[in-house]
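> With the input below, show me the fold.
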Amino acid sequence: MNALRPSQHLLEPIRKRDNRLQIHPFGQVFRFDFPSSYRLLSIISLFWLPLLSGCGAISLFVPYPQQVRPQLTQIDQGITPALLQGSVSRGPDRLLHFLEKARFAQILGQHEVSRDTLTQAIKQFDEHDEGALISLTDIGSQGVAFISNDNVLPYYGAAYEQIFAHHYQALNYLFLKDLNAAGVEARRSSATQYRALRAHEKEVASLRQRADDLPISLPQTDAQFAAMDKVAAQVKHSFQNAWAYYLSGLIFELRGELNDAYVDYQNALELSPAHPALQTSVLRLAQRLGDRLRWQHLPQTSTQRPSLVVFYENGFAPMKSEAGIALPSKYGVLSLAFPVYRFFSLSGALSINIDGQTTQHTQPILNVQSLLARALQEQRLGQFVRQAGRIVAKAQIQRASYKEAGAFGAILASVYTVLSESADLRSWLSLPNRVDMLHLSVPTGTHQLYLRDAYQGRSYPVSVTIQDNALTLLHVINTGQRLHIHSVQRAY
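I've put the predicted structure just below:
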């Protein structure tokens, strides 16, 4: 990779008056009084002692993936995860715990619990709306992170997570047969995607200007990001979700709001143009709304309304890992840590055999791991801006430590700067790895379906009753060793 290059003035003498250290990254001044070298060593000790104590199961001490991974295993083994056994505690990871708990409940078919928990999560998103859409920009108001790392900050979520929250809430309401509430969440999901796109364009311009003013250069290429960037290239933005658009369109169609359904079906088709179910949905409503000529380039298939729709969520989202860079300085060692995605898994389709005769296969509508890789790619510049500011602050602390306590002070400061630097690995980990979809026009009556996943080869029998002028929705979630299957029916 291109090496990070600290500029000369990074280690220039800091402003110091009456034994007062003034750290001033980006024009913000943080003052610490150091009346003596003993006071300096005490304060440095207070900095790094909590990092070694290991107390508290928050992401500052225990990386978030290590907290959640056992619960993902539990839910796959049929064991109730700890988050579902009690209330969500307060702390910087509170929003994530709401999201994980709601997702666990939905996987297990506890749609009321999932609904109530997502209501709390969405409330937090609303309270921190700008932070939920675009984070990592308010450096001046979050000075605490300059002497530790981003894990001490409250997690406000990413745009794609807010969209998924509304999406899953709409799905909850659909299973609870509250079509009006489902419609509200569908509109909020679509609106959030639109707002996120506008906010992203504005944010990128702002961050690029701030990055130009940094005393450290931004690495343009890095082998650490190579695999992640390749996966991220499969989607245009992290906050545009074809599955969410399709579900919104489906809900609007069930409500008889055909114009709104048509718009969201088109949005979904734009993001996943080869999916046959999306092509058919757009053609169906185009015909009903007198706009069929516009879509002559699409395969002219049957425009009959589907009687069976299958959503297939496969696996869990990839987990972030940490990559680090050591930066030697005149007074010690500085450390830079950042999150990356290194490991990506392949997901197969679900085959569905109907009455022992015809077999159909689901097709991907959303590659979630690409979405997450793109999200981290979009956040990279903002993360670098924050980390660069932290390096400036810690470099100045090292110099002050050396001036006040000599080599011993510089060593203590270096130990602290290395131990305190830790990448923020937090994200919503119970999201799926990939989402597939299939819609069919199955004759009325009771049918025996046999579901088989591509890799494990397990077969699950499911009986469904198809009614005239109604939609049956089958929600299938593959957690690794088992399929969780839920169904609901709704009249057109």
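> When you work out contacts or count neighbours from here on, use the C-alpha atoms and nothing else.
Fine.
> where along the stretch 151-300 of the chain do the helices fall?
In the stretch 151-300 of the chain, the helices defined using DSSP state H, counting those that start in this stretch lie at 159-175, 179-212, 223-232, 242-254, 258-271, 276-288.
> Tell me which stretches of the protein form strands.
For the chain, the strands defined by DSSP state E occupy 15-17, 20-23, 30-33, 308-314, 321-329, 332-340, 350-354, 358-361, 363-367, 434-440, 445-453, 459-466, 470-478, 483-491.
> Report the angle between the longest helix belonging to the chain and strand 434-440.
Identified as the longest helix of the chain according to DSSP state H is helix 368-420. Helix 368-420 and strand 434-440 meet at an angle of 160 degrees, taking axes from the mean of the first three to the mean of the last three CA atoms, to 10 degrees as the criterion.
> What angle do strand 321-329 and helix 368-420 make with each other?
Here the directions of helix 368-420 and strand 321-329 differ by 40 degrees (the same axes, to 10 degrees).
> counting contacts, what elements does helix 368-420 pack onto?
For helix 368-420, the elements it packs on are strand 20-23, helix 37-53, helix 179-212, helix 223-232, strand 332-340, strand 434-440, judged by 3 or more CA pairs under 8 Å, 6 or more residues apart in numbering; DSSP states H and E.
> and Ala242, what does it touch?
By CA atoms under 8 Å, 6 or more residues apart in numbering, the contact list for Ala242 reads Asn267, Ala268, Leu269, Leu271, Ser272, Ile365, Leu366.
> try it again with 10 Å
248, 264-273, 278, 365-367, 435 (CA atoms under 10 Å, 6 or more residues apart in numbering).
> Which among the residues you listed count as buried?
Neighbour counting over the contacts of Ala242 (16 or more other CA atoms under 10 Å) leaves 248, 264-269, 271-273, 278, 365-367, 435 as the buried ones.
> what's the spacing between Ser347 and Ala121?
Using CA to CA, to the nearest Å, we find Ser347 at a distance of 28 Å from Ala121.
> Counting neighbours, go ahead and name the busier of these two.
Shown here are Ser347 and Ala121; by other CA atoms under 10 Å, Ala121 has more neighbours (26 against 18).
> measure the more buried one to Pro154 for me?
13 Å.
> Show me whatever sits in contact with both of those two.
Jointly contacting Ala121 and Pro154 under the rule CA under 10 Å, 6+ apart are Arg94, Leu95, Leu96.
> ok, now which ones touch the second one?
With contacts defined as CA under 10 Å, 6+ apart, the neighbours of Leu95 are 88-89, 101, 118, 120-125, 154-157, 428.
> If we use 8 Å, what do you get?
By CA under 8 Å, 6+ apart, the contact set of Leu95 is Ala121, Gln124, Tyr155, Tyr156, Gly157.
> The last one too?
Contacts were defined as CA under 8 Å, 6+ apart; by that measure Leu96 touches Tyr155, Gly157, Ser427, Trp428.
> so how far is Arg255 from the residue nearest to Leu269 when sequence neighbours are not counted?
Nearest non-adjacent residue to Leu269, counting by CA to CA, 6 or more residues apart in numbering: Leu278, 5.5 Å away. As defined by CA to CA, Leu278 lies at a distance of 18 Å from Arg255.
> Could you measure from Leu431 over to His167?
According to CA to CA, Leu431 and His167 sit 12 Å apart.
> Oh, that last question was meant for Asp150, not what I typed.
Per CA to CA, Asp150 is found 28 Å from His167.
> shaky segments in the protein?
1-61, 130-149, 201-223, 410, 413, 418 (pLDDT under 70).
> give me that answer again for 50
Counting by pLDDT under 50, the chain shows low-confidence ranges at 1-38, 41, 43-44, 46, 48-57, 131-141, 143-145, 218, 220-221.
> hmm, back to that, closest to Gln71 out of the strands of the chain?
Closest approach to Gln71 among the strands of the chain is made by strand 470-478 (15.1 Å; CA to CA).
> one step back: which among the contacts of Ala242 gets closest to Arg490?
Among the contacts of Ala242, Ser248 lies closest to Arg490 (CA to CA), at 14.7 Å.
> in stretch 251-260, what's buried?
So, applying 16+ other CA under 10 Å, buried residues of stretch 251-260: Ile251, Phe252, Glu253, Leu254, Arg255, Leu258, Asn259, Asp260.
> Would you mind measuring the gap between the ends of that stretch?
In terms of CA to CA, the two terminal residues of stretch 251-260 are separated by 10 Å.
> now it, how far from the chain's geometric center?
Relative to the centre of its chain, stretch 251-260 is centred 28 Å away, using CA atoms, centre = their mean, to the nearest Å.
> Over to stretch 372-381?
Its chain's C-alpha centre and that of stretch 372-381 lie 10 Å apart, by CA atoms, centre = their mean.
> just to revisit the earlier point, what two of the contacts of Leu95 are the furthest from one another?
Ala121 and Tyr155 (11.5 Å).
> can you count the residues close to the spatially closest residue to Phe338 that is not a sequence neighbour?
In space, and not counting its chain neighbours, Phe338 is closest to Ala423: 4.7 Å by CA to CA, 6+ apart. Around Ala423 there are 24 other residues, counting by other CA under 10 Å.
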